[in-house]
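In: could you work out the structure for the sequence below:
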Amino acid sequence: MVGSSHEAMHRIFQKDPALLTRALQQVLRIPFPEPRDFAAMNVDLTEVEPVERRVDTLLRAETDQGTFLLVVESQGKPDERKRGSWPYYLGYLREKYRCEPVLIVVTQNASTARWAAEPIHVGVPERPSMVVWPFVLGPENVPVVADETEAVRDPALAVLSAMTHGRGPKAVGILESLVAALKTLDADSAAVFVQFVDSCLTDPQARQMWRDFMTTVQYFWRHPLAEEVREQGREEGREEGREEGRAHERAEIILRNLQWRQIDVPDSVRERVLSSTDVDELGTWLDRSYRVADARELFGEGPAA
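Out: Next up, the predicted model:
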């Protein structure tokens, strides 16, 4: 599971799906057709096999050029496993729904944005069978909305700007402009946007500044919807703790199996097993722990792989 900052970076597009297509058109200069309608879809991509696969946000966009599936992934840091997951997501969705999927990665980190923008080649390097080229929204292309008039004209984009750039000297102008924009919205929408921004401000000074601003509009901060978003973030944290507990339990079982089978466990193997937080990876190692002859074979480094 993930933290609240991760959630906010993609859930803003659930709150305002049109922001996503505006970002494609205006920020990335992609000639994406104008949607007539949006619908949220089930993010669970799990098949019959007991391997859980979920995207962060999945939207269906109906346009004059056909139906598109907008797959939004919030990415905090580079993760090479995603380069295996993303082609699967797109292939699965295209086959299941018979319409074109579009992958959009959202990040607050410039180096992560550059990593995510690299094409993913599947197959023979000289002639790949598939190339996945994500669209990326990050600090290097999301506009800095520090003008009050611009923020009022497009409050959702101003929120995305604050979530992406809310650190350093830019933060003051961005957050001040956003306060003015929020006052033009209904209380329900403003309350959710307030919490999204608060979740994404990693700079302590910027976060304190934002909370100071919100003391002038306490209704937004205390609104039930804002509290609901905060509670969802707390629940995600609790679930993350449960997931870490399951991973640690599997790691301990793996090591006990090897000890019971009188197989020597080098420190490097022990550290790798105990440091893993991937429940699926640990499940594979657990299965192998019943039959390997050498502890290093847990990782596919021998005939038991």
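
In: can you give me the helices for this protein?
Out: Along the chain, the stretches classed as helices by DSSP state H are 4-15, 17-22, 82-97, 110-117, 148-153, 155-165, 171-182, 187-200, 204-214, 218-222, 224-260, 267-275, 279-288.

In: how close does the closest residue to residue 113 other than its chain neighbours sit to residue 117?
Out: Excluding its sequence neighbours, the residue lying closest to residue 113 (C-beta to C-beta, 6 or more residues apart in numbering) is residue 138, at 3.2 Å. C-beta: built from backbone N, CA, C; applies to glycine. As judged by C-beta to C-beta, to the nearest Å, residue 138 and residue 117 stand 9 Å apart.

In: so which of these two has more stuff around it?
Out: residue 138 (22 against 16; other C-beta atoms under 10 Å).

In: so how far is residue 23 from the more buried one?
Out: Separation of residue 138 from residue 23 (C-beta to C-beta) stands at 11 Å.

In: then residue 133?
Out: Applying C-beta to C-beta, the value for residue 133 to residue 23 is 16 Å.

In: tell me where the model's unsure across the protein.
Out: Low-confidence segments of the chain (pLDDT under 70): 1-4, 6-7, 43-53, 168-169, 215-244, 260, 301-305.

In: only C-alpha atoms, please: export the lengthiest strand in it in PDB.
Out: Assignment by DSSP state E gives strand 66-74 as the longest strand of the chain. The C-alpha trace of strand 66-74 is given here as PDB (Å, rounded to 0.1, in the frame of the first residue of the first chain):
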ATOM      1  CA  GLY A  66     -13.500   6.500 -29.800                       C
ATOM      2  CA  THR A  67     -13.100   5.300 -26.300                       C
ATOM      3  CA  PHE A  68      -9.800   5.700 -24.400                       C
ATOM      4  CA  LEU A  69      -8.700   4.200 -21.100                       C
ATOM      5  CA  LEU A  70      -6.700   6.700 -19.000                       C
ATOM      6  CA  VAL A  71      -4.300   4.800 -16.800                       C
ATOM      7  CA  VAL A  72      -2.800   7.100 -14.100                       C
ATOM      8  CA  GLU A  73       0.200   5.900 -12.100                       C
ATOM      9  CA  SER A  74       1.600   8.000  -9.200                       C
END
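
In: residue 164 contacts residue 138, doesn't it?
Out: Yes. Between residue 164 and residue 138 there is a contact at 6.7 Å, judged by C-beta atoms under 8 Å.
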